[in-house]
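> Predicted model and sequence follow; I will ask about them next.
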Amino acid sequence: MYIEQRDRLVAERALGLSKEQASAIVARCYGYTALNDQTDSLSAPIDGLQKIKAPDEIRALDDRVLQMMEFVRMSQNLVAPKLPAVTNGIRQGTLIATMWGFPNFEALKAYAREDTIDPVSTDPAEMARFKRRTRFIPPSQYLLGRDYSGNTLIIHTNETETSQWIDQELCLNELSDLQVAAVRCRPDADDYINRYSSDHTVLRQDLSEEHSSYLLGARKESGTRLAISIVPKRIYTLEELVASHYAALSEKSPRGRALIIDRIPLATDEGSLDAGWKLARDIGLNVVIVTSSPSPAIWTQCRSRLIFGFDRSLPLSDNSEMNSALIFATPFVGLKRNNLQLVYHSAESGAVYGTVQLIPDERPKGAQIIKRIFGARRMG
């Protein structure tokens, strides 16, 4: 398999490579020094170079982007510093494309681009491909609770950007097999949703024992699966936030349910938090807490954590895992062009860099009167 790639380099006369030069190139690509003609194997691994999957393993990958990542790592191996040059002045992309039977590197990139993944797919197989490609689960799971109830902590420093991204996901994803509620304090907290969706209920009132009854009544009339609860600004307990949405979220949600607590002042005493987590577990509720002040007590209860930004002046906590993740995120958070840079963290994945795209918000701000009449259902 390595000899086949070596022979392709030699056969491309425009490259002008001898058999020995081509062998050195193939070996370096995979992080080794030499190619053995007799056994079609590589020998003398080079310390510090990235170890690449074997050609057959790369071909077996069902995701072309993952294949492309291997090609990029091969390219980096070719020009690793402090090692003898082996490229003979030929671009790495040209060499790798030739090894894999492509006419040029652009054709190789086009091959990878053709394999797209739908980030809002409800198909478990497509969701699994998303995870294999990015190393973390899709937003429909950690944010909306589809087939997931592990809880999510979102740490931010810019509330406008973070809320817009959450609202985008609420509008873009299919909710027919879910029940989702977002609780916010801002009077205009439904503005973005109102401009891009009419399939939701907005409830403006303080929480009470009847809160779920109001939402169930609105759902019976309209069939909506998304609720925005806009409540007065005060300190709430996790238990009362979960309890007030408990019945509404537990019904008619075969794939899952989520409660997004978006920058609500939250009591962090152990007793109220434990009671809230227990109540959520009773119905498999995915609790999403959005905050600018990360708490170790909440961190440990959330299997997924997203860091969009954090206050650098925060003192170190007594949770070393959270401290390490925040330090890891330091150089890679914030808005860059239309992309929100973030770090995703879980026990399974560790800390992983990622991005989400903010769609330009071009519609006029402020809910229009027709939308108010014919769009989102409102109560309270």
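Thanks, I have the structure now.
> And the strands in the stretch 101-250 of the chain?
For the stretch 101-250 of the chain, the strands defined by DSSP state E, counting those that start in this stretch occupy 152-155, 178-184, 201-204, 226-230.
> quick one, which of the ones you listed is nearest to residue 245?
Closest to residue 245 of the strands of the stretch 101-250 of the chain, according to C-beta to C-beta: strand 178-184, at 4.9 Å. (Glycine included, C-beta is placed from N, CA and C.)
> pull the CA atoms of that closest one into PDB?
What follows is strand 178-184 as a C-alpha-only set of coordinates in PDB (Å, rounded to 0.1, in the frame of the first residue of the first chain):
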ATOM      1  CA  LEU A 178     -38.900  17.400  21.500                       C
ATOM      2  CA  GLN A 179     -40.200  19.800  24.100                       C
ATOM      3  CA  VAL A 180     -38.000  22.800  24.800                       C
ATOM      4  CA  ALA A 181     -38.400  25.800  27.000                       C
ATOM      5  CA  ALA A 182     -36.100  28.800  27.500                       C
ATOM      6  CA  VAL A 183     -36.300  31.000  30.600                       C
ATOM      7  CA  ARG A 184     -35.000  34.600  30.500                       C
END
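> Now do that strand: which elements does it pack against?
Counting contacts by 3 or more C-beta pairs under 8 Å, 6 or more residues apart in numbering; DSSP states H and E, strand 178-184 packs against helix 159-172, strand 226-230, helix 238-250, strand 256-262.
> outside of stretch 205-225, which residues touch it?
175-176, 178-181, 199-201, 203, 227, 229, 231-232, 236, 240-241, 244-249, 251-253, 377, 379-380 (C-beta atoms under 8 Å, 6 or more residues apart in numbering).
> For it, give the mean pLDDT please.
For stretch 205-225, mean pLDDT rounds to 89.
> Make a markdown table out of the helices and strands packed on strand 178-184 and add mean neighbour count and distance to residue 50.
Output for the helices and strands packed on strand 178-184, formatted as a markdown table (neighbours: other C-beta atoms under 10 Å; distance: least, C-beta to C-beta, whole Å):
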| stretch | mean neighbour count | distance to residue 50 |
| --- | --- | --- |
| helix 159-172 | 19 | 32 |
| strand 226-230 | 24 | 44 |
| helix 238-250 | 22 | 44 |
| strand 256-262 | 25 | 38 |
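> what would the ones you listed look like in JSON lines with distance to residue 111?
Output for the helices and strands packed on strand 178-184, formatted as JSON lines (distance: least, C-beta to C-beta, whole Å):
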{"stretch": "helix 159-172", "distance to residue 111": "27"}
{"stretch": "strand 226-230", "distance to residue 111": "39"}
{"stretch": "helix 238-250", "distance to residue 111": "44"}
{"stretch": "strand 256-262", "distance to residue 111": "35"}
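> which one of those lies closest to residue 331?
The closest of the helices and strands packed on strand 178-184 to residue 331 is helix 159-172. By C-beta to C-beta, the value is 18.2 Å.
> starting at the chain centroid, how far to the closest one?
With C-alpha atoms, centre = their mean, to the nearest Å as the basis, helix 159-172 stands 13 Å off its chain's centre.
> Which elements pack onto that helix?
Using 3+ C-beta pairs under 8 Å, 6+ apart as the test, helix 159-172 ends up in contact with strand 178-184, helix 191-196, strand 256-262, strand 285-291, strand 339-346.
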